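# coords below, sequence missing:
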C-alpha cells in the first residue's frame, strides 16, 4: 500500500526534485532535471523500482517533521524507546553536479538506524552496476548515468540493493551524500555535508527574505512561494506544473498525466503571484522563458513546452511500473501538447500586459511577437478546440476559450490605448466586441442563469469563475452573480469545487476525479468580488486546512476519502493560494 500524498515533502535545488516520506523514504527522484528518469522513480510505493529509506530499526514511537524556517531543508524527527534522532534532507544549490544530502543527527540516547538504497535508472527499469571505489564510496553506473554514494557507514549488497545498519548517539552526526554525473565523467567531487547544510539554509533564507511579509496569511504565502521557487528550472526560468508524473486524479483510474512541463496557461497566475510577492527576478525569468518558448511561427504555438522550451513531448506509457495504488497507465510525455487550446493566446497576452503594467523591464521584441500571435488568433478563435481542461473527446466551442480570446484582443487594445504601443487597434476592438457578443449570446443559459461549458450544452464548468477576474464582465453583472450561485449548487462537493461533471464521459475518459483545488480558490476570489467576504474567507481557510503538515498541496482533493489527489506538489494550486491571499488582503485591486 502506497503512502498518501500528504505523507510527502518536497526538496529540490531549482533544477531537480525529490519527494521524502515521513517514514524516512525517498520514493521519487529525477536527475539531472525534473523530467529525467536517470535515478529512481518508485512512484510513491513501489520499492522494487527505486527507493532510499533511512529509519530506525524496528518500531518507532512517532515521527514529526518541519522545514527549517524559511527554507527547503526538511527535518524529520524519529523517537524510539532508546532515544531520538533527526534526518535533515536537502539538495544544495546546483554547482557542477547535483547532490542529495541526508544528515542523521542524534538528539537523545542512542538510536539504531537502517539504510536501504535501491537504485534504479530510466524510470525504475534499469538495475545499475554497483562497485566500491574506496571504504566510504560506492559507484552505480548504467549507460550514460552514474550515481555516487559517500558515507562512513559500512554498507553491503543485498537482493540488488545496498543496505547497512548503524547507531547514532546524542550529539553524533552520520552523513550520506548521493551525487549524480554522466558515467563518462570523473567521479563528482566530495562535498562537506555540514557546510552544504549551512549554505543551503543560507541560500533559501536569503532568497525568502526578499518576500514581502505582509498580511494575515503571510506564512502560508511564503511556504507556497518557496514551493514555486523550488519548481522553477533555474537555467531557463521555466516553472514546471509539478515535479511528478502519473499520480492519479482518482486512485486506480486512468487520469494519470505527466506534469513535468511548463504550461503557457500558468503564465498569468505565475506573474501575479511572483510580482505581488516582490519576486521580480523570477517573474522576469519566467517572462523571458515564455517569449523564447512561443518564438517562431505563430501557427506552431503550443500549449506547453519543455523546461528549456522543447516542443516534442511525445506521450509514452511505461508498462513495467505498477502505478500509484495500481493507477495505470504510467505516462511520460504529454499528448495534449499537440492540441488546439485557444485560451492560451489570452493567457500570453494578459501575462505580458501585466508585466508591462508591473515593474518588469520593457521588451520591444515581445510586442512584435504578440502582434503575430494575434494574427494567428484571428484565424483560429472561432474554431472548436480542446479547452482549458485538455479534453480528449471531440473539439467544442468552449466558453472559456472564447472568453480568453476576448482577453487577448482586449489586452492588445489596452496596450495601444494605455501604454502607447502601435497596432491595428480598430480591428482588434471590433473583434473584441464580436467575441463578447457571441459569448453572451451562445455561452449563457438564461434558463439556469449561468455561463455553460461550451455552446449547445447545459453543463457547467468551473472555468466560468474566471469571467469577472479577467474583466470580461464586472462582478456586479447579474449573469456573473447567478453563475457563481449555479456553480455553488451544481459543482460544489463538500464545500469544494469540481471542474465539471465527468460522469457524462464526454471528455473521452472514465468518470471520476477529486475537487480541483485551483477552482476552489477561484470560487473564493469570486465570492470576494461579489461582496461575500465572509464566505470567501471561510472557504480560503478551509482550503488552507487541506495542506499537509509542511504546507503542500496536490492538484485535487477527495472530500469523502479526505486525501489529496493528482500530481504533487502542484504549482497551479500554490499559485492560486498566493493570488487569493493577496486578493483577500487587498494587495491587488
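Perfect, thanks for sending it. Everything numeric here is computed off the predicted structure, so don't read it as measured data.
# Just checking the distance from the lowest-mean-pLDDT helix or strand in the chain to the centre of its chain.
Lowest on mean pLDDT, DSSP states H and E among the helices and strands of the chain sits helix 266-276, with a mean of 89. Here the centre of helix 266-276 is set off from its chain's centre by 13 Å, with CA atoms, centre = their mean, to the nearest Å.
# Can you tell me which helices and strands that helix packs against?
helix 218-230, helix 280-294, helix 343-357, helix 571-585 (3 or more CB pairs under 8 Å, 6 or more residues apart in numbering; DSSP states H and E). In this view, the C-beta of every residue, glycine as well, is placed from N, C-alpha and C.
# For the third one, which helices and strands make contact with it?
On a contact count with 3+ CB pairs under 8 Å, 6+ apart, helix 343-357 meets helix 266-276, helix 280-294, helix 364-380, helix 399-417.
# Following the chain onward from the longest one, which element is next?
Going down the chain from helix 399-417, the next helix or strand is helix 425-442, by DSSP states H and E.
# Got the domain ranges for the protein?
Per the record, the chain has its domains at 5-207, 210-585, by automatic domain parsing.
# so can I have CSV of those showing mean neighbour count?
As requested, the domains of the chain are exported to CSV (neighbours: other CB atoms under 10 Å):
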stretch, mean neighbour count
domain 5-207, 19
domain 210-585, 20
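# can you list the weak-confidence ranges in the chain?
1-2, 41-46, 504-511, 587-589 (pLDDT under 70).
# Quick check: longest strand in it by residues?
Looking across the chain with DSSP state E, the single longest strand is strand 99-118.
# Just the terminal-to-terminal distance for stretch 313-328.
With CA to CA, to the nearest Å applied, stretch 313-328 spans 19 Å between its terminal residues.
# do the same with stretch 558-567
End-to-end span of stretch 558-567 (CA to CA): 14 Å.
# which residues sit against it?
With CB atoms under 8 Å, 6 or more residues apart in numbering as the test, stretch 558-567 has contacts from 4-6, 241-251, 257, 259, 493-496, 513-515, 546, 548, 553-557.
# now the helices for the stretch 101-250 of the chain?
Assigned by DSSP state H, counting those that start in this stretch, the helices in the stretch 101-250 of the chain fall at 193-208, 218-230.
# just how off-centre is the first one within its chain?
So the one you mean is helix 193-208. 23 Å.
# Equivalent analysis for the last one, please.
The chain centroid and the centroid of helix 218-230 are separated by 12 Å, computed with CA atoms, centre = their mean.
# just checking, what packs against it?
Under the contact definition 3+ CB pairs under 8 Å, 6+ apart, helix 218-230 sits against strand 8-12, helix 193-208, helix 266-276, helix 571-585.
# Show me the one of those that comes nearest residue 371.
For those, the distance to residue 371 is smallest for helix 266-276, at 17.8 Å, taking CB to CB.
# Might you report the residue contacts of residue 575?
Shown in contact with residue 575 (CB under 8 Å, 6+ apart): 224, 228, 266, 269, 270, 272, 273, 518.
# and of the residues you listed, the nearest to residue 90?
The closest of these to residue 90 turns out to be residue 228 (CB to CB; 17.8 Å).
# The nearest residue to that closest one once chain neighbours are set aside: what's it in contact with?
Once flanking residues are discounted, residue 228 sits nearest to residue 574: 5.6 Å by CB to CB, 6 or more residues apart in numbering. For residue 574, the contact set (CB under 8 Å, 6+ apart) comprises 224, 225, 227, 228, 273, 553.
# OK, contacts around the closest residue in space to the fifth one that isn't next to it in sequence?
By that I understand residue 273. Distances taken as CB to CB, 6+ apart place residue 578 nearest to residue 273, at 4.1 Å, with adjacent residues excluded. Neighbouring residues of residue 578 by CB under 8 Å, 6+ apart: 221, 224, 225, 228, 273, 276, 277.
# try it again with 10 Å
Contacts for residue 578 (CB atoms under 10 Å, 6 or more residues apart in numbering) come out as 217, 220-225, 227-228, 269-270, 272-274, 276-277, 521, 587.
# and if you look at residue 440?
Neighbouring residues of residue 440 by CB under 10 Å, 6+ apart: 451, 472, 473, 477, 479.
# follow-up on the earlier one: and the angle for the longest strand of the chain with strand 8-12?
Strand 99-118 runs at 130 degrees relative to strand 8-12, counting by axes from the mean of the first three to the mean of the last three CA atoms, to 10 degrees.
# Just give me how far strand 99-118 sits from the chain centre.
Distance, stretch centre to chain centre, for strand 99-118: 29 Å (CA atoms, centre = their mean).
# cool, and stretch 359-366?
The chain centre lies 26 Å from the centre of stretch 359-366; the measure is CA atoms, centre = their mean.
# what does it contact?
By CB under 10 Å, 6+ apart, the surrounding residues in contact with stretch 359-366 are 271, 275, 278, 280, 283-284, 286-288, 290-291, 294-295, 348, 352, 354-356, 369, 419, 421.
# picking that back up, do you know which of the helices of the stretch 101-250 of the chain lies nearest residue 462?
The nearest among these, by CB to CB, is helix 218-230 at 20.5 Å.
# The closest one to helix 266-276, inter-axis angle?
Using the same axes, to 10 degrees: helix 218-230 against helix 266-276 is 130 degrees.
# Okay, residue 374 and residue 320: tell me how far apart.
46 Å (CB to CB, to the nearest Å).
# Residue 9 bridge partners, please.
Using DSSP bridges, the bridge partners assigned to residue 9 are residue 20.
# give the contact list for it.
Residue 9 neighbours (CB under 10 Å, 6+ apart): 18-22, 65-67, 72, 74-76, 89, 548-552, 569.
# at 6 Å instead, please
Contact analysis of residue 9 by CB atoms under 6 Å, 6 or more residues apart in numbering lists 20, 74, 550.
# And for residue 20?
If you count contacts by CB under 6 Å, 6+ apart, residue 20 has them with 9, 26, 74, 89.
# As a check, name the ranges of all helices in the stretch 451-589 of the chain.
478-490, 517-529, 533-545, 571-585.
# closest to residue 120 out of these?
Judged by CB to CB, the one of the helices of the stretch 451-589 of the chain that comes nearest to residue 120 is helix 571-585, at 26.8 Å.
# Now do the closest one and helix 517-529, the angle between them.
Using the same axes, to 10 degrees: helix 571-585 against helix 517-529 is 10 degrees.
# Tell me what angle helix 571-585 forms with helix 533-545.
Going by the same axes, to 10 degrees, helix 571-585 is angled at 140 degrees with respect to helix 533-545.
# List just the nearest of the contacts of residue 440 to residue 461.
For these, the nearest to residue 461 is residue 451 (8.1 Å; CB to CB).
# Please name the nearest non-neighbouring residue to the closest one.
residue 464 (4.3 Å).
# My read is that residue 581 contacts residue 221, right?
Yes: Residue 581 lies in contact with residue 221 (CB atoms under 6 Å); the separation is 5.1 Å.
# any idea how far the nearest residue to residue 443 once chain neighbours are set aside is from residue 393?
In this structure, residue 443 finds its nearest non-sequential neighbour in residue 399, 3.9 Å apart by CB to CB, 6+ apart. Per CB to CB, residue 399 is found 16 Å from residue 393.
# Please report the distance of the nearest residue to residue 398 once chain neighbours are set aside from residue 200.
In this structure, residue 398 finds its nearest non-sequential neighbour in residue 387, 3.7 Å apart by CB to CB, 6+ apart. Look at residue 387 and residue 200: by CB to CB, they are 41 Å apart.
# How about residue 6?
In terms of CB to CB, residue 6 sits 25 Å off from residue 200.
# do residue 478 as well
Distance from residue 478 to residue 200, by CB to CB: 54 Å.
# Check residue 386 too.
41 Å.
# Could you do residue 568 as well?
Per CB to CB, residue 568 is found 22 Å from residue 200.
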